[in-house]
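1. sequence and predicted structure are below.
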Amino acid sequence: MRYLAMSAFAVAWALYGQPQPGTGAAWAKPVPFTASVSGLAVSAMVSGRLSFDGQLLEVVVESCSVSRPEKFDSAAEVGPLWVSIDRFAEDGQVYRALPRTSDESTYGSTETLRPGQSTTVPPFTIRIPVGNIQLLKGDVLAFNIGVKYPINGRVSSGTVPVRSREPLPVLQTVASYCADEVMSLGKSLEAGWQITEFCQDSAGRRRTATYFRPATGASGKPRLIEIADPVANVIYRIVPEKREATRMKGWTTGGVFGGVLGGIIGSIPGGSRALEPKVTTEFAGVKTMEGLEVYGSVRTTVYPSGYQGATQEVIVIGETWYSPAIKRTVLRTIKNSRTGETHERLENVRLGEPDPALFQLPAGYDVVDAR
């Protein structure tokens, strides 16, 4: 068969998240898109136009070509092709809006492409019902191509995402809530916890108050409070103990929840890279945490003995539970056979607008402008 094809209808529920009341106004006119990828198992270029009537996202593909790069020594079995709306979380992970849940979301067959060979997909249209799903600014359209080819004596299979260069033209939707971010410190659960009280309002203002709680249960005063205000275009970093505040004009997004995982996991000693780690990712299901619907994934990485100088095999298992409603990771657990176990989680999640006073500089503080 000389082309890859797609169904005319995708699965409606799959944008992972509790239904929200309305996704926004219809677009005034169709929006052109271009999606491309190169340098992977296949290269591809897809272009067309999108339209949205407030309930249905229509994807009209006018041009689509797929090729197997010449740098490969073997042919690849390519296809089928299916659509998704992808969302980028703050920890850098990508979450699929339309996972491949049934035969209805994919239609067609595969084709074998030799190195340097290409194929063209005839024009097609997909209509995705999203009337009860909340699209967020930054969501992108993606076309996912199944690929299977031999490598090192075994068959490698996977999916190559071809994402649009521009995000969907939807208005920013910011979840309003407060929660406690809890992170274990050290290589054991007895080492203590870092607690960050986090609040965000519908305007995108954020407030974090961080303090340390030893494992004994004693709590201390906040070590640092940060207020990031995109409306006023300013960030305040407040040290309560000294009653001092640093003001930085020119607002930028502050990092939240998960920014230190690289250090927690622990690096593998330097050395030879002859042996590569084996990585597998599994969908862990859907459940409720803190009153939120969350989607789980488990990523297992096995570093063989000898990898970068390691004297024994190292296994790292990361389990993540993500909430689309607040666009945050609610629970992350890392089990490392070399460095121990660490946890990050959200507790005491309260949905709704926080008190506006939380985003104001407290009275009686000495303010210094950062240079």
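-> Yep, that arrived.

2. let me know the pLDDT of residue 20.
-> pLDDT recorded at residue 20 is 31.

3. show me where pLDDT drops low in the stretch 151-300 of the chain?
-> Low-confidence segments of the stretch 151-300 of the chain, defined by pLDDT under 70: 171-173, 185-193, 213-220, 250-275.

4. so which residues of it form strands?
-> Under the criterion DSSP state E, counting those that start in this stretch, the stretch 151-300 of the chain contains strands at 154-163, 177-184, 193-200, 206-213, 224-229, 234-239, 244-249, 278-289, 292-303.

5. pull the contacting residues for residue 29.
-> Contacts for residue 29 were tallied using Cβ atoms under 8 Å, 6 or more residues apart in numbering; they are residue 51. C-beta coordinates here come from the backbone N, C-alpha and C atoms, glycine included.

6. tabulate the strands of the stretch 151-300 of the chain (a markdown table), appending distance to residue 47 and mean neighbour count.
-> Compiled in a markdown table, those are given as follows (distance: least, Cβ to Cβ, whole Å; neighbours: other Cβ atoms under 10 Å):
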| stretch | distance to residue 47 | mean neighbour count |
| --- | --- | --- |
| strand 154-163 | 11 | 14 |
| strand 177-184 | 38 | 20 |
| strand 193-200 | 36 | 20 |
| strand 206-213 | 37 | 18 |
| strand 224-229 | 37 | 20 |
| strand 234-239 | 40 | 18 |
| strand 244-249 | 41 | 14 |
| strand 278-289 | 30 | 12 |
| strand 292-303 | 30 | 18 |
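
7. turn these into CSV, including distance to residue 350.
-> Formatted as CSV, the strands of the stretch 151-300 of the chain follow (distance: least, Cβ to Cβ, whole Å):
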stretch, distance to residue 350
strand 154-163, 34
strand 177-184, 5
strand 193-200, 9
strand 206-213, 13
strand 224-229, 18
strand 234-239, 22
strand 244-249, 26
strand 278-289, 14
strand 292-303, 11
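
8. to residue 78, which of these lies closest?
-> strand 154-163 (8.8 Å; Cβ to Cβ).

9. residues making contact with the closest one?
-> In this structure, residues lying in contact with strand 154-163 by Cβ under 8 Å, 6+ apart are 35-37, 40-42, 44-46, 84, 86, 94, 140-150.

10. now that strand, how far from the chain's geometric center?
-> Taking the mean of its C-alpha atoms, strand 154-163 sits 19 Å from the chain's own mean (Cα atoms, centre = their mean, to the nearest Å).

11. just the buried subset of the contacts of strand 154-163, written out for PyMOL, thanks.
-> Buried subset of the contacts of strand 154-163, written as a PyMOL selection, criterion 16 or more other Cβ atoms under 10 Å:
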select buried, resi 35+37+41+42+44+45+46+84+86+140+141+142+143+144+145+146+147+149
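
12. in strands, which of the contacts of strand 154-163 appear?
-> Mapping the contacts of strand 154-163 onto strands (DSSP state E) picks out 35-37, 44-46, 84, 86, 94, 140-150.

13. and the residue nearest to residue 144 when sequence neighbours are not counted, how far from residue 296?
-> By the measure of Cβ to Cβ, 6 or more residues apart in numbering, the closest residue to residue 144 outside its immediate chain neighbours is residue 159, 4.9 Å from it. Note on residue 159: its distance to residue 296, by Cβ to Cβ, to the nearest Å, is 19 Å.

14. could you do residue 206 as well?
-> Applying Cβ to Cβ, one obtains 26 Å for the distance of residue 206 from residue 296.
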